[in-house]
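S.K.: Mind folding the following:
(chains A and B)
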2 protein chains.
Amino acid sequence: MHFIITLISSSISSGHNRVASRLLTAKPQRSTVPPFFNRQPPSMAGSEESLRKALAEKLSAVEAQGNAVRALKAAKASKPEIDAAIEALNNLKLDKSSIEKQLQAAVSGGDGDGALSREAFRQAAVNTLERRLFYIPSFKIYRGVAGLYDYGPPGCAVKSNVLTFWRQHFVLEENMLEVDCPCVTPEVVLKASGHVEKFTDLMVKDKKTGTCYRADHLLKDFCNDKLQKDLTISAEKAAELKHVLATLDDLSPDALGAKIKEYGITAPDTKNPLSDPYPFNLMFQTSIGPSGLSPGYMRPETAQGIFVNFKDLYYYNGNKLPFAAAQIGQAFRNEISPRQGLLRVREFTLAEIEHFVDPEDKSHPKYTEVADLEFLMFPREEQMSGQSAKKIRLGDAVSKGIVNNETLGYFIGRVYLFLSRLGIDKDRLRFRQHLANEMAHYAADCWDAEIECSYGWIECVGIADRSAYDLRAHSEKSSVPLVAAEKFAEPREVEKLVIAPVKKELGLAFKGNQKNVVEALEAMNEKEALEMKAALESKGEVEFYVCTLGKNVPIKRNMVSISKEKKKEHQRVFTPSVIEPSFGIGRIIYCLFEHSFYTRPSKAGDEQLNVFRFPPLVAPIKCTVFPLVQINSTRMLQKLFQSH
Amino acid sequence: MHFIITLISSSISSGHNRVASRLLTAKPQRSTVPPFFNRQPPSMAGSEESLRKALAEKLSAVEAQGNAVRALKAAKASKPEIDAAIEALNNLKLDKSSIEKQLQAAVSGGDGDGALSREAFRQAAVNTLERRLFYIPSFKIYRGVAGLYDYGPPGCAVKSNVLTFWRQHFVLEENMLEVDCPCVTPEVVLKASGHVEKFTDLMVKDKKTGTCYRADHLLKDFCNDKLQKDLTISAEKAAELKHVLATLDDLSPDALGAKIKEYGITAPDTKNPLSDPYPFNLMFQTSIGPSGLSPGYMRPETAQGIFVNFKDLYYYNGNKLPFAAAQIGQAFRNEISPRQGLLRVREFTLAEIEHFVDPEDKSHPKYTEVADLEFLMFPREEQMSGQSAKKIRLGDAVSKGIVNNETLGYFIGRVYLFLSRLGIDKDRLRFRQHLANEMAHYAADCWDAEIECSYGWIECVGIADRSAYDLRAHSEKSSVPLVAAEKFAEPREVEKLVIAPVKKELGLAFKGNQKNVVEALEAMNEKEALEMKAALESKGEVEFYVCTLGKNVPIKRNMVSISKEKKKEHQRVFTPSVIEPSFGIGRIIYCLFEHSFYTRPSKAGDEQLNVFRFPPLVAPIKCTVFPLVQINSTRMLQKLFQSH
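M.R.: Numbers count the residues shown, from 1 in each chain, chains lettered A, B, ... in the order given. So this is what the prediction gives:
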């Protein structure tokens, strides 16, 4: 039978294609999985600790045996005696290097060559990507700018396909309201969202040259370096360094500065001393209009454009909840020292969804469609107890309360489907729950879709239940109520919990912290409030945790009145909760590049070929094979084309 | 026969759809064309001038006759005598108002109610657009920011469809190399392109409040106002104001300032005096990285990202010319005082093509495909002689040399097809050639696709032959040669024109202007150079126009040597010319909104309905009608769906 190979001509109906003349090496066969991806889950912390201990013991033994050999020689002992002692020493040395190798493997999270082959794999992939113009450093002829990249023709085609599929999978299938807002954002919006005050990284400066570094990066590099390369450190020291790594995000500027001093960390390039850490705002600042009086920023995320439009979008949706709005667009973060190629850049494409839902009903009508999906999940508890991610049925995670609610679960499932259909390897994709210290105080629950690539596990999608925080913040600053209402068919008699903080007493007791305490009291749910009421009645005083202060405060009976009142209500007005899946498109694309890449020898065997095997959905070039048919079947062929 | 109405479910194969529940009022019938669009081409300047004269005469006649009537009354003339005089006066007054109406119509460019119905039409369209969230002022709950708009769900769907079609029509069908570069751009790139120095508008400040205005806008408004509302100004004064309007873009800061003083123009809001005009750079400035030492700007166009990548793209294309690169992305211009809604904004989506071509061969292989198109063109000569745009066959425009070359002609044709297929009314679309004073000195030719909407004729696409300017500028500043080479099969003996300016003599003669003169001499084409050589040999000195100085300078025999030399060459190395079609997507969409909009009475006749009739290609909601079929034909239906 004869075949003709036909390239599907580029057509509007098949997304973004590129035609024949620029065909890349792309093979349909299954990838040769690079060695480091075959590795078992990292050894547990426990085994590493025992290895360190064993190594320390073995080192002492080697030293003792060495002394013994020297003593025998000095005492002119018999040759067999000395030889036996030397053999024992050599055996000890062999044991020692075996333990060293095991330890090396344990700390680098794989077999001993892991780090090396990771690096080599990445080099091969990145070289091919840059040579084939998938992406290139921006403004290269002017020696580039760190953290800025261009997508060249094939990269652009992949990106366009990923975004088209995203729009299809989320916006169209879920009937979301897409919006498209400007990047230039006035200060007032980002003050309300908290970005002007809090969107910072801690920075240190080389005291002599003024070069800037991210303080946590320097400390992280120091700890990792010490753990991986210095095998002589004690198990206690190793545990301390690991604790620092685990709590890095929680360190205050002072604590971070103290650690840098304690470890004697200096500027990496010059070894000069470093300044104390201080916060640097990551937003690109600019000025709107000619007067110089209207500060603005390039948006650090697209979400705020949706929140400020909530009122119009709610109206557009017929004043009904739930509904979701979505936005694809550029976001900007003026990183202190960008690294890791496409993974940490100063400008990137975000695709964000804000799903607005009644906080009292977070069920989702299509939840059953995803409940049977099973994939790698890494709940908080497994992380705390040093276990690894495991396959869990999504429906079980929700019913057991591991995932906070159905809607959050639904989006986790949809994100899983999106990423796996794109071509992300399911075995290198996990959903990791945020630890308590990673989450904002208002967040109900948060999961990251993490994809494993040569840089480790990379957060590519964040799926957070942000409760009512954002809408409340903009309501307050703009004085425009961003609320929803549920109208009752008949007026209802409701028993309402009334929490009335006595501001005067609270002011006397807590001075400047009064506002935080009032807000925390008002934010109590019914159960908490009734418990407090009971405790106050019985004991007269309770300890009350105020999360915005990060401590307990004593609440006395005269400081708050808690009661239940009966009222007739015609509607219930509330601030909707928002569930936010947020996609870093560049990170997803980079991981997709790595997951689609492999090398194989050429047929002659004399060279290594670099191959990208993309799923048709995202491939920058699409082609198909048709059987050779008689000329009068042309119409059938045309039909085939039209339907692809 | 029975019918079912079926909404095509949203599908990746049909671009961006939106489904049933948010259906807008959209009707398939032909639009009721709003009255002002029926108008004839504007009356020529000549008729307006004679009307002004006739009006002035009639005013004198009315005054004279009024005096006559008063005189007759004072003289107690007979009643019939007085009545006759009054009737004559009334007739004169009627004549006067008739001329006034005609003059009003002439200056507003239509029938007397033109300006009014334009305004009313726009109000109806814009109200519907904003109410239905096609677009809305950004950050509305914070009272917005001038010149920033959000696209809401239906607007976003239209925009997405327009961009998908653009990519299909240009990138895919023409096999262009698409790139995607960051918006944040380091200063060095925009210094090379000339934007840091020259991308400015002239601004004046209210001397008391500091409010900023665009100087040319104030002068333009003053002239238009005077011409339209003050019918008593003399024909000479009217001619002067029109001359000011025509030459507005050429006025120096001093000349502009002088006119503002001469006409006594004050701040529109406060009537306070104004400062002298001074340049304001329209780029949003920012700072890249934490040091504060790397100034950057938000790109004012996407083109520079393509130019700086020329070398890689040329290599990617197999070192062959011609080829085109394309980019869709955000661009930013910090307008002094944005107005006209979506037409003049501070952030907008541009879609730009840079087609690189051998300057010695600007033919285009697919030119014949567009040569027979016929549409409204407005060549330079017709504009200068006060005629209006007329239908010309594109092939004739190119062969007669009205359009500079085939490739430029080809893109004009492709742009025409793009816009008319989108749904732009062909009768309200014209291609206007730039006048000599509108073009940059390096441009070979430039045409704007202008679309008529309620704001008048709006430039929506610019199609310019920019010669080698951009690549040369970046070659010079980056020291990376951005050139192409044509390799000869056999080495060729070529006679080369060598223009060697004698810098020492030129320096002595022209001091600081030496560089401009040298560049202008080197830029001469062969014909000009040989003419100069002949003139220098015969007369010893010639007058030579240096465009960058805007004046003639005397060139003497010792200042330049011009000769022809024979050389063997293996290849020809040259800087490609670039032909740049640049699309303002927001402007096209706004015009499309207006061209798709009409109002009609409801069936009951008691209200006015606002209707958008979009072509299926761009419609935010797509639906189709299928015949009702038997249940066992479901599979056929499914097939139908799949193929749409």
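S.K.: mind showing which ranges of chain A have poor pLDDT?
M.R.: Applying pLDDT under 70 to chain A picks out residues A:1-46, A:107-116, A:629-644.
S.K.: Domain map for chain A?
M.R.: With domains defined by the TED database, chain A comprises A:46-108, A:118-181+A:299-483+A:576-643, A:200-281, A:490-574.
S.K.: Including mean neighbour count and distance to chain B, could these go into JSON lines?
M.R.: The C-beta positions use only the backbone N, C-alpha and C, and glycine is treated the same way. Written out in JSON lines, the entries for these read as follows (neighbours: other CB atoms under 10 Å in any protein chain shown; distance: least, CB to the nearest CB, whole Å):
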{"stretch": "domain A:46-108", "mean neighbour count": "15", "distance to chain B": "31"}
{"stretch": "domain A:118-181+A:299-483+A:576-643", "mean neighbour count": "19", "distance to chain B": "4"}
{"stretch": "domain A:200-281", "mean neighbour count": "16", "distance to chain B": "4"}
{"stretch": "domain A:490-574", "mean neighbour count": "14", "distance to chain B": "18"}
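S.K.: Out of those domains, which gets nearest to A:L190?
M.R.: Proximity of the domains of chain A to A:L190 was assessed by CB to CB; the nearest stretch is domain A:118-181+A:299-483+A:576-643, lying at 7.0 Å.
S.K.: Can you give the distance from that closest one to the centre of its chain?
M.R.: Domain A:118-181+A:299-483+A:576-643 sits 11 Å away from the centroid of its parent chain (CA atoms, centre = their mean, to the nearest Å).
S.K.: ok, now stretch A:504-517?
M.R.: The chain centroid and the centroid of stretch A:504-517 are separated by 37 Å under CA atoms, centre = their mean.
S.K.: Look at it and report the distance between its end residues.
M.R.: From its first residue to its last, stretch A:504-517 covers 12 Å (CA to CA, to the nearest Å).
S.K.: Now tell me what touches it from outside.
M.R.: Applying CB atoms under 8 Å, 6 or more residues apart in numbering or on different chains, the external contacts of stretch A:504-517 come out as A:501, A:503, A:518, A:544, A:546, A:548-549, A:553-556, A:558-560.
S.K.: Pick out the most distant pair among those residues.
M.R.: When CB to CB is used, the two most widely separated members of those are A:T548 and A:N558, lying 22.6 Å apart.
S.K.: Not counting residues beside it along the chain, what's closest to A:Y151?
M.R.: Using CB to CB, 6 or more residues apart in numbering or on different chains and skipping the chain neighbours, the partner closest in space to A:Y151 is B:D180 (4.0 Å).
S.K.: which residues sit in contact with the one you found?
M.R.: A:D150, A:Y151, A:G155, A:C156, A:K159, B:Q327, B:I328, B:G329.
S.K.: Now do it against B:N309, distance only.
M.R.: Between B:D180 and B:N309 the distance, using CB to CB, to the nearest Å, works out to 11 Å.
S.K.: longest single strand anywhere in chain A?
M.R.: Longest among the strand segments of chain A by residue count, using DSSP state E, is strand A:484-501.
S.K.: Tell me which other helices or strands it touches.
M.R.: Taking 3 or more CB pairs under 8 Å, 6 or more residues apart in numbering or on different chains; DSSP states H and E as the contact definition, the neighbouring helices and strands of strand A:484-501 are helix A:514-522, helix A:526-539, strand A:560-574.
S.K.: Touching that strand from outside, list them.
M.R.: The contact list for strand A:484-501, computed with CB under 8 Å, 6+ apart, reads A:314, A:319, A:321, A:356, A:358, A:517-518, A:521-522, A:524, A:526, A:529-530, A:559-576.
S.K.: Tell me where the stretch 101-250 of chain A has helices.
M.R.: Secondary structure of the stretch 101-250 of chain A (DSSP state H, counting those that start in this stretch): helices at A:114-131, A:153-166, A:187-192, A:195-198, A:215-229, A:235-246.
S.K.: Save the ones you listed as CSV, and put in distance to B:N437 too.
M.R.: Putting the helices of the stretch 101-250 of chain A into CSV (distance: least, CB to CB, whole Å) gives the following:
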stretch, distance to B:N437
helix A:114-131, 45
helix A:153-166, 38
helix A:187-192, 41
helix A:195-198, 46
helix A:215-229, 55
helix A:235-246, 66
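S.K.: To A:D95, which of those lies closest?
M.R.: When those are compared for distance to A:D95 using CB to CB, the nearest one is helix A:235-246, at 17.9 Å.
S.K.: I figured A:P137 hits A:G147, correct?
M.R.: No. Contact criterion CB atoms under 8 Å: A:P137 and A:G147 do not qualify, at 9.5 Å.
S.K.: Provide a list of residues in contact with A:A397.
M.R.: Shown here is A:A397, whose contacts under the criterion CB under 8 Å, 6+ apart are A:M377, A:P379, A:V403, A:G409.
S.K.: what about it, which helix or strand?
M.R.: Secondary structure assigned from DSSP states H and E places A:A397 in helix A:394-399.
S.K.: Please export the C-alpha coordinates of that helix as CSV.
M.R.: Extracted in CSV, the C-alpha atoms of helix A:394-399 (Å, rounded to 0.1, in the frame of the first residue of the first chain):
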residue,chain,number,x,y,z
LEU,A,394,-9.8,13.3,44.6
GLY,A,395,-13.3,12.5,46.0
ASP,A,396,-11.7,10.8,49.0
ALA,A,397,-9.5,13.9,49.7
VAL,A,398,-12.6,16.1,49.7
SER,A,399,-14.8,13.8,51.8
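S.K.: What's the first helix or strand after it?
M.R.: Reading on from helix A:394-399 to the C-terminus, the next helix or strand found by DSSP H and E is helix A:406-422.
S.K.: From what I see, A:A238 and A:R52 are in contact.
M.R.: Yes. Contact status for A:A238 versus A:R52: in contact at 5.7 Å, counting by CB under 8 Å.
S.K.: Quick check, central residue of chain A?
M.R.: When chain A is reduced to its mean C-alpha position, the closest residue under CA atoms, centre = their mean turns out to be A:E459, at 2.6 Å.
S.K.: Next up, the contacts around it.
M.R.: Going by CB under 8 Å, 6+ apart, the list of residues near A:E459 reads A:D448, A:A449, A:E450, A:G584, A:R587.
S.K.: Quickly list what A:G462 is bridged to.
M.R.: Assessed by DSSP bridges, A:G462 has beta-bridge partners A:D448, A:S582.
S.K.: does it really touch A:E450, like I thought?
M.R.: No. With contact defined as CB under 8 Å, A:G462 does not reach A:E450; the gap is 10.0 Å.
S.K.: all helices of the stretch 251-400 of chain A, in order?
M.R.: A:253-262, A:303-307, A:310-316, A:368-371, A:380-384, A:394-399.
S.K.: what's next to the longest one, contact-wise?
M.R.: By that I understand helix A:253-262. The contact list for helix A:253-262, computed with CB under 8 Å, 6+ apart, reads A:202, A:204, A:215-216, A:218-219, A:244, A:251, A:274, A:276-279.
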